[in-house]
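Enquirer: pasted the sequence and its predicted model underneath.
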Amino acid sequence: MSWRRKHSPSAEGTFSDYQDTMPFRNDQEFGSTSTTESSSIETRIPDDICTTKPDGWGTRHTLTVFGFFGFMVSYAMRVNLSMAIVAMVMTNSSSSSEVNISNACPSLLLDSINHPFSSSPESSGEFDWSTKDQGIILGAFFWGYVILQVPGGMLAERIGGKWPFGIGMLVTAIFSLLTPLAARTGKNVLIICRIIQGLGEGVTNPAAHALMARWLPPLERSRLGGFIYIGAQAGTVITMPLCGYLISSNFLGGWPSVFYIMGTLGIIWFIFWSFFVFDSPKDHPRIEAKELSYIQHSIGLQMSQHKKVPTPWRKMLTSMPVIAILIAQTGHGWGLYTLLTELPTYLKTILHFDMKSNGYLSAVPYLAMVLFSLASTVIADNLREKNVFSNTIVRKIFLSIAHLGAASFLIGAAYSGCDRLLAVTLITLSIGVMGAFNASVQMNHIDIASNHAGVMMGVTNGFANLMGIAAPYAAGVIISDNSSLSNWRLIFLIAAAIFTADTIFYLIFGSGEEQVWNRESKPKEISNIRVDSRNGDLDDRQPLLAEANSD
């Protein structure tokens, strides 16, 4: 059976007016009668082509895989300095935090012979940087990163997300290769180099959101979108032990090899991205008609078919669901970057693990995060597909798991003392449950306003990544050349308190439903047409939009 629509040419609008918003590839996919012999046009639409998810591999999966690897390389170039700086700094410097390394948990040093992960003699680094200097250097990346968040989102929504994401990554890769030279030239030169790397990666999240808003069907959004962002944790999992191994092996001079290898991988990824990824399904030259129609029908009127829809700034910035996302994402940023940038230092100065063991143990929590994120995103989509909970409830459940769970384990870690096994276990669990964030707030921008997801991600991610500056600096000030248990306890408790506060705010004000200001101010005529699932006819109806906004 085929669906039929009798449409008079005298009626307002023609089928060609609707074609851009209908879920079909081109004119050849329709059978129609001649308009010269009849006063009406008959359009035949193949069975199930709009609604049935195509079997097998699709172009949206290709985008997902390259997005995954993009974020993996992105985070590899972002976090490599967190590991390398431990080897770059002089261990016996008068300004280095390592001067008091043995004051905390001295018994662990005495146990070094018998413990399998004990410290071993390591060569001193070549740079005389204090803990405050190190905090500034580690935070410099985010000075550049936050600047291009909103402009990056606006650019991605105007021209598409492919090239902003790709070129940003290319810039970061080039300056990763230049990092050893910059460090040896001077501390300030290294800071400038990291700022430029941050500028390059500043467009990646907004551009990725702009791409996902056009490519990912709502009921696959948590799973596929979550998998893309899992690349960030995968990059951390791979980078931490790899850095530890490279530094210990003295390959290409030790710590410089970390930056050479990650930069080279970034350039290789860019080449593949350029050839295999496209801004939207309708721009892809090799997409199957069924997949194109499935994606466009699934996303429907939530997503404009035009490159750019005017941003309703006032309504967006005063929307409580948007503010809830901003608060939750900012809290997540503080906790994540506290652990991401400071964990290697904690493992070395408090628990006294050597460099190679430090790398492996720093990676374990992020491996747990990958696994938890994979499970969470699949469960979230299943809950939505089976209508067990509304989208709003699903997002709130998984944020509660991510942040309240992390807060609980961090409080335990704060009081774990010198117990290596307990401390590492609790930190691993804390970072692991944070993986549920990918099934909650990370996809929430597209839920509530897919037309403006890139710009919203730019705004909220910009605030969140200010924490990449604030958290390492705050940790450096708290430690203040005294890496003691009490100081690290304060660092963990602050992160736990922030996680708890942002979760409460999101539970009150968060939403997973589309906001009315997402739609275009004047909906197209196609909004007056629907598919009647009972008899398969396309019939006239009242406009789908509850209200049209003019911002």
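Expert: Now that the structure is in, tell me what you want to look at. Residues are numbered from 1 along each chain as shown.

Enquirer: for the residue nearest the centre of the chain, which non-adjacent residue is spatially closest?
Expert: In the chain, the centroid-proximal residue (Cα atoms, centre = their mean) is residue 229; its distance is 4.3 Å. Leaving out its chain neighbours, the residue that sits closest to residue 229 by Cβ to Cβ, 6 or more residues apart in numbering is residue 438, at 5.1 Å. C-beta: built from backbone N, CA, C; applies to glycine.

Enquirer: still on that earlier bit, quick check, the residue nearest to the centre of the chain in contact with residue 440.
Expert: No. Counting by Cβ atoms under 8 Å, residue 440 is not a contact partner of residue 229; they are 11.5 Å apart.

Enquirer: pLDDT score for the residue nearest to residue 229?
Expert: We note a pLDDT of 90 for residue 438 in this prediction.

Enquirer: may I have the residues that are in contact with it?
Expert: 222, 225, 226, 229, 230, 373, 376, 377 (Cβ atoms under 8 Å, 6 or more residues apart in numbering).

Enquirer: mind listing the helices for the stretch 301-450 of the chain?
Expert: 313-317, 320-349, 355-385, 391-414, 420-433, 444-448 (DSSP state H, counting those that start in this stretch).

Enquirer: hey, least reliable of those by pLDDT?
Expert: Lowest mean pLDDT within these: helix 355-385, a mean of 85.

Enquirer: now do it: which elements does it pack against?
Expert: Applying 3 or more Cβ pairs under 8 Å, 6 or more residues apart in numbering; DSSP states H and E, we find helix 355-385 packed against helix 59-88, helix 226-249, helix 320-349, helix 391-414, helix 420-433.

Enquirer: those helices: which one's closest to residue 276?
Expert: Taking Cβ to Cβ as the criterion, helix 59-88 is the member of these that comes nearest to residue 276, at 5.9 Å.

Enquirer: roughly how far apart are residue 174 and residue 345?
Expert: Using Cβ to Cβ, to the nearest Å, residue 174 is found at 28 Å from residue 345.

Enquirer: ditto for residue 376
Expert: Residue 376 is 29 Å from residue 345, by Cβ to Cβ.

Enquirer: return the residues in contact with residue 398.
Expert: 376, 380, 436, 437, 439, 440 are the contacts of residue 398 under Cβ under 8 Å, 6+ apart.

Enquirer: among the residues you listed, which one lies nearest to residue 470?
Expert: Checking those against residue 470 with Cβ to Cβ, the nearest one is residue 437 at 18.9 Å.

Enquirer: thinking that closest one is in contact with residue 332, fair?
Expert: Yes. Taking contacts as Cβ under 8 Å, residue 437 lies within contact range of residue 332: 5.7 Å.

Enquirer: list the residues that contact both of the two?
Expert: The contact sets of residue 437 and residue 332 overlap at 402, 403 (Cβ under 8 Å, 6+ apart).

Enquirer: and the helix or strand containing residue 153, which residues are buried?
Expert: Remark: residue 153 resides in helix 149-159, with elements defined by DSSP states H and E. Neighbour-count burial for helix 149-159 flags 149, 150, 151, 152, 153, 154, 155, 156, 157 (criterion: 16 or more other Cβ atoms under 10 Å).

Enquirer: which ones are touching residue 382?
Expert: Going by Cβ under 8 Å, 6+ apart, residue 382 touches residue 388.

Enquirer: report the two of the buried residues of helix 149-159 separated the most.
Expert: Across those, the longest distance by Cβ to Cβ is 13.0 Å; it joins 149 and 157.

Enquirer: surely residue 377 touches residue 222?
Expert: Yes. If you go by Cβ under 8 Å, residue 377 and residue 222 touch, sitting 4.5 Å apart.

Enquirer: overlap in contacts of the two?
Expert: With contacts defined as Cβ under 8 Å, 6+ apart, the residues adjacent to both residue 377 and residue 222 are 438, 439.

Enquirer: report all helices and strands that the helix holding residue 153 contacts.
Expert: Using 3+ Cβ pairs under 8 Å, 6+ apart: helix 149-159 touches helix 162-177, helix 204-215, helix 453-479.

Enquirer: so what does the shortest one touch, helix or strand wise?
Expert: Right, helix 204-215. helix 59-88, helix 149-159, helix 162-177, helix 226-249, helix 289-299, helix 444-448, helix 453-479.

Enquirer: so which of those is nearest residue 256?
Expert: helix 59-88 (8.3 Å).
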